[in-house]
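I need the structure of the sequence given here:
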Amino acid sequence: MQKIKFRFNESHVDSFNTPGVLNLMFLDLTNQCNLRCLYCFNQHLLDLSPSHMEIALLEKILQSKVTRKAKNWFFSGGEPLRYRYLDEALRLFQKFGHHPKLATNGIELKPDVLDKWVELGVQSVQFSLDTLNPSVFAELNKGTGKNHRAILENLKYAVKSPLRVVVSSVLTKANAKEISDIMRFCCDAGIDSYTLYPNVPAAKIHTDLIVPLAQMPDVIDGLIKDYQEICSTRVIDMSIPCIQFSDVYAKWKDKVAIRLHACGAGQYNLKITSEGKVSTCICQDAPEFIVGDLRLQDIDEVWDSVENRDFRSLYRKIPECRVCPIQAECRGGCRNEAYVLGRNGILSLDPHCEFFKSSAYRKEGRNV
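A predicted model of the protein is given here:
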């Protein structure tokens, strides 16, 4: 899952993870949500019968050997605040000594709810904020003006709490012109960091919203320029495959601390769906990404399974990756993007790799 995370606070940065060591767990607690964001990678689940992860399943996950050392737990969905057993789940995690992070649209995160989260050991909250414009919000997220006001009001309260508060946006053609304004808003509001997801599709729907790759260097260049002007921290965590081959990386790498991360799908993170299926990728529940089912197995079995080991080494089957000088670090880039937008399914070349390396190699007068 590609991201560009702009830090406004020096006290926290993303950790570098070791392939083969499980450190991040994404839990899709429910398929229920009060928005219908056009880009949502779980969009196909939202109108199905309500599904809520059973507490017994959560307990099973927490009791496994391999998850005991996992330091990062993310509650998502759907919308976690629509999860039937949320308070019970938070108490369970508190009992096991874990402090989860919750990703929410923020509409229902009223002050009394947030105060309860503090008491129950929540570490941080990530607000989804794709626009500062209510009319764009209505178009892109299918929410009301009242919903939009609630997000901003609840965000303002959250910043004053002990929780670490972060904001994220998904880049689309609908909001591309205001991404810089959202970043500035976050910096001024006292947000810990601002994360931009350049693209997170899981199906070929609403592809008309996708900002073309050819425009990405200019988008990234403009954002880094604005960031270093408004914030003295100047630390960016970035996971965009092969960005180090680009001119924009060369331009900024000595002026801003750009910390490059590889995709963690199956390498050091897993996603559990509300029904207990185990996916390597936070964006996917397609069969090619499913490596287990917790109704039949435990996490220890799944993590060490042939299916998961095979997924980790998929990059070795991709012709372009086999001869790539950074294959050991990149490990094939984002398999979701490759699967959705490529020509060879799960074994397609990541579009970012193809774009950035092709641009660099053309300047050198050679082919990818």
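
ok, which stretches of the stretch 1-150 of the chain are helices?
55-62, 86-95, 111-119, 134-140, 145-159 (DSSP state H, counting those that start in this stretch).

for this protein, where's the lowest mean pLDDT among helices and strands?
Among the helical and strand segments of the chain, the one scoring lowest on mean pLDDT, DSSP states H and E is helix 351-364, with a mean of 76.

Which parts of the stretch 251-368 of the chain are strands?
Using DSSP state E, counting those that start in this stretch, the strands of the stretch 251-368 of the chain run over residues 257-260, 269-272, 277-279, 290-293.

is it possible to export the ones you listed to JSON lines including distance to Asp218 and mean neighbour count?
Using the backbone N, CA and C atoms, a C-beta is placed for each residue, glycine as well. As requested, the strands of the stretch 251-368 of the chain are arranged in JSON lines below (distance: least, C-beta to C-beta, whole Å; neighbours: other C-beta atoms under 10 Å):
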{"stretch": "strand 257-260", "distance to Asp218": "17", "mean neighbour count": "17"}
{"stretch": "strand 269-272", "distance to Asp218": "30", "mean neighbour count": "24"}
{"stretch": "strand 277-279", "distance to Asp218": "33", "mean neighbour count": "23"}
{"stretch": "strand 290-293", "distance to Asp218": "37", "mean neighbour count": "19"}
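
can you redo these as CSV with distance to Lys69 and mean pLDDT?
Formatted as CSV, the strands of the stretch 251-368 of the chain follow (distance: least, C-beta to C-beta, whole Å; pLDDT from 0 to 100):
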stretch, distance to Lys69, mean pLDDT
strand 257-260, 22, 96
strand 269-272, 13, 97
strand 277-279, 18, 98
strand 290-293, 19, 98
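
For Leu58, find the nearest of these.
Of all the strands of the stretch 251-368 of the chain, strand 269-272 sits nearest to Leu58, with 8.8 Å by C-beta to C-beta.

list the helices and strands that closest one packs on?
strand 24-28, strand 277-279, helix 299-303 (3 or more C-beta pairs under 8 Å, 6 or more residues apart in numbering; DSSP states H and E).

ok, and for the last one, which residues are buried?
Of the residues in helix 299-303, Ile299, Val302, Trp303 count as buried by neighbour count, 16 or more other C-beta atoms under 10 Å.

okay, it in CSV with CA atoms only?
Coordinates of the C-alpha atoms in helix 299-303 are reproduced here as CSV (Å, rounded to 0.1, in the frame of the first residue of the first chain):
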residue,chain,number,x,y,z
ILE,A,299,-2.1,-17.4,13.0
ASP,A,300,1.0,-19.5,13.7
GLU,A,301,0.0,-22.0,11.1
VAL,A,302,-0.9,-19.4,8.5
TRP,A,303,2.3,-17.3,9.0
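
In JSON lines, list the strands of the stretch 251-368 of the chain along with distance to Cys37.
Below are those laid out as JSON lines (distance: least, C-beta to C-beta, whole Å):
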{"stretch": "strand 257-260", "distance to Cys37": "28"}
{"stretch": "strand 269-272", "distance to Cys37": "18"}
{"stretch": "strand 277-279", "distance to Cys37": "20"}
{"stretch": "strand 290-293", "distance to Cys37": "23"}
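
so which of these gets nearest Val170?
Among the strands of the stretch 251-368 of the chain, strand 269-272 sits nearest to Val170 (C-beta to C-beta), with 17.5 Å.

hmm, back to that, export the buried residues of helix 299-303 as TSV, with columns for distance to Lys271 and pLDDT.
Below are those laid out as TSV (distance: C-beta to C-beta, whole Å; pLDDT from 0 to 100):
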residue	distance to Lys271	pLDDT
Ile299	12	96
Val302	11	98
Trp303	13	97
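
Correct me if wrong: Asp192 contacts Val166.
Yes: with contacts counted by C-beta atoms under 8 Å, Asp192 reaches Val166, the gap being 5.3 Å.

which one of those two has more residues nearby?
Of the pair Asp192 and Val166, Val166 is the one with more neighbours under other C-beta atoms under 10 Å, namely 22 against 18.

Not counting the longest strand anywhere in the chain itself, show me its contacts.
The strand spanning the most residues in the chain, taking DSSP state E as the definition, is strand 164-170. Strand 164-170 is contacted from outside by 12, 37, 39, 103, 123-131, 155, 158-159, 175, 179, 182, 186, 190-197, 199-200, using C-beta atoms under 8 Å, 6 or more residues apart in numbering.

Taking helix 111-119 as reference, get the angle to that strand.
The directions of strand 164-170 and helix 111-119 differ by 120 degrees, with axes from the mean of the first three to the mean of the last three C-alpha atoms, to 10 degrees as the criterion.

Between Asp192 and Val166, which contacts overlap?
If you check Asp192 and Val166 against C-beta under 8 Å, 6+ apart, the residues they both contact are Ser124.

thinking again about what came up before, paired strands for the longest strand of the chain, with orientation please.
The strands that strand 164-170 pairs with in its sheet are strand 124-128 (parallel), strand 193-197 (parallel) (by DSSP bridges).

Of the ones you listed, give the one that comes closest to Gly332.
When the strands paired with strand 164-170 are compared by C-beta to C-beta, strand 193-197 sits nearest Gly332, at 19.1 Å.

Lovely, talk soon.
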